[in-house]
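Participant: Here's my sequence, what's the structure:
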Amino acid sequence: MQSGSKLSLGTFIAVRNADNKTSRDYFQISPIEDYISKMVLAHNDRIVLPTMADKKTWYAINGVKLFHDMLTKSKRTEIQTPTGVQTLFVDSDIYSYSDDTLNSFADYLLDEFNAIEEYYANKSQVEQNPNLRIDNYHGKIKNGKMDNSGNGAYFRYFSSIKMRNDDGSFSYVPLNQLLWSWSKFDYDNNQNQMLTRLK
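Facilitator: Numbers count the residues shown, from 1 in each chain. Next up is the predicted model:
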């Protein structure tokens, strides 16, 4: 969210013709008008919610800064010159987003990691108090042990990530497969080492 901003919900009711002061509701506008309207809202940092088939309106959330980056092969680089720091755009061999967008995605990844870490920090408490267990979030508890079937133990959006190797090639790191294997090992061997592994 933008600093100090509040979320608000806007309602799209109609497209107004400024020339003849008439308007048309959602069922009367063309698919092009629908597309352009939603594109303008997104450009103005509004998240457009899905429209139900039988509704004449749709909603947009305001108060969140959206990304407006284009994929580019130009990379912004700052270099030190005798006259000071200079910003240059250097061509790269791969397409990339801006540093702001990449930092936001890195923050999303960190938020998911922190949620997984919190899940394992509270796991033994839930095992001792099964009434704290939340369906689908926690695993099933049998004989005082929770299995690794809970969704809270895994990444939701970053199930794997693409990493650049030392030789410049790329490979995928299956994060959720690693978490599943480690937690299964703990479950089968009556251990609880996940927090240590995540550090």
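
Participant: what helices or strands is the helix-or-strand element of the chain with minimal mean pLDDT leaning on?
Facilitator: Lowest mean confidence among the helices and strands of the chain (mean pLDDT, DSSP states H and E): strand 14-17, at a mean of 80. Counting contacts by 3 or more CB pairs under 8 Å, 6 or more residues apart in numbering; DSSP states H and E, strand 14-17 packs against strand 22-25. Where you see a C-beta, it was placed from the backbone N, CA and C, and this is true even at glycine.

Participant: so what does whichever helix or strand comes after the strand it packs on touch, helix or strand wise?
Facilitator: Where DSSP states H and E defines the elements, the next helix or strand beyond strand 22-25 is helix 31-43. Contacts defined by 3+ CB pairs under 8 Å, 6+ apart place helix 31-43 against strand 46-48.

Participant: Buried ones in the strand it packs on, by neighbour count?
Facilitator: 46, 48 (16 or more other CB atoms under 10 Å).

Participant: chain center to the next helix-or-strand element following that strand, what's the gap?
Facilitator: Proceeding N to C from strand 46-48, the next assigned helix or strand is strand 58-62, under DSSP H and E. The chain centroid and the centroid of strand 58-62 are separated by 19 Å under CA atoms, centre = their mean, to the nearest Å.

Participant: Mind listing the strands strand 58-62 pairs with, and their directions?
Facilitator: Strand 58-62 has these partner strands in its sheet, going by DSSP bridges: strand 8-12 (antiparallel), strand 46-48 (antiparallel).

Participant: want to try JSON lines for those strands, with distance to residue 87 and mean pLDDT as columns?
Facilitator: Shown next, in JSON lines, are the strands paired with strand 58-62 (distance: least, CB to CB, whole Å; pLDDT from 0 to 100):
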{"stretch": "strand 8-12", "distance to residue 87": "36", "mean pLDDT": "88"}
{"stretch": "strand 46-48", "distance to residue 87": "31", "mean pLDDT": "91"}
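
Participant: Summarise which helices and strands the helix ranked longest in the chain is packed against.
Facilitator: Longest helix in the chain by number of residues (criterion: DSSP state H): helix 99-121. Secondary-structure packing of helix 99-121 (3+ CB pairs under 8 Å, 6+ apart): helix 194-198.

Participant: ok, residue 25 - how many residues close by?
Facilitator: 12 (other CB atoms under 10 Å).

Participant: pLDDT below threshold where in this structure?
Facilitator: 1-4, 53 (pLDDT under 70).

Participant: Longest strand in the chain, please.
Facilitator: Counting residues, the longest strand found in the chain (DSSP state E) is strand 84-96.

Participant: so what's residue 90 up against?
Facilitator: Contact partners of residue 90, counting by CB atoms under 8 Å, 6 or more residues apart in numbering, are 74-75, 77.

Participant: So what pairs up with it in the strands?
Facilitator: Beta-bridge partners of residue 90, as defined by DSSP bridges: residue 75.

Participant: if I look at it, how far off is residue 9?
Facilitator: 43 Å (CB to CB, to the nearest Å).
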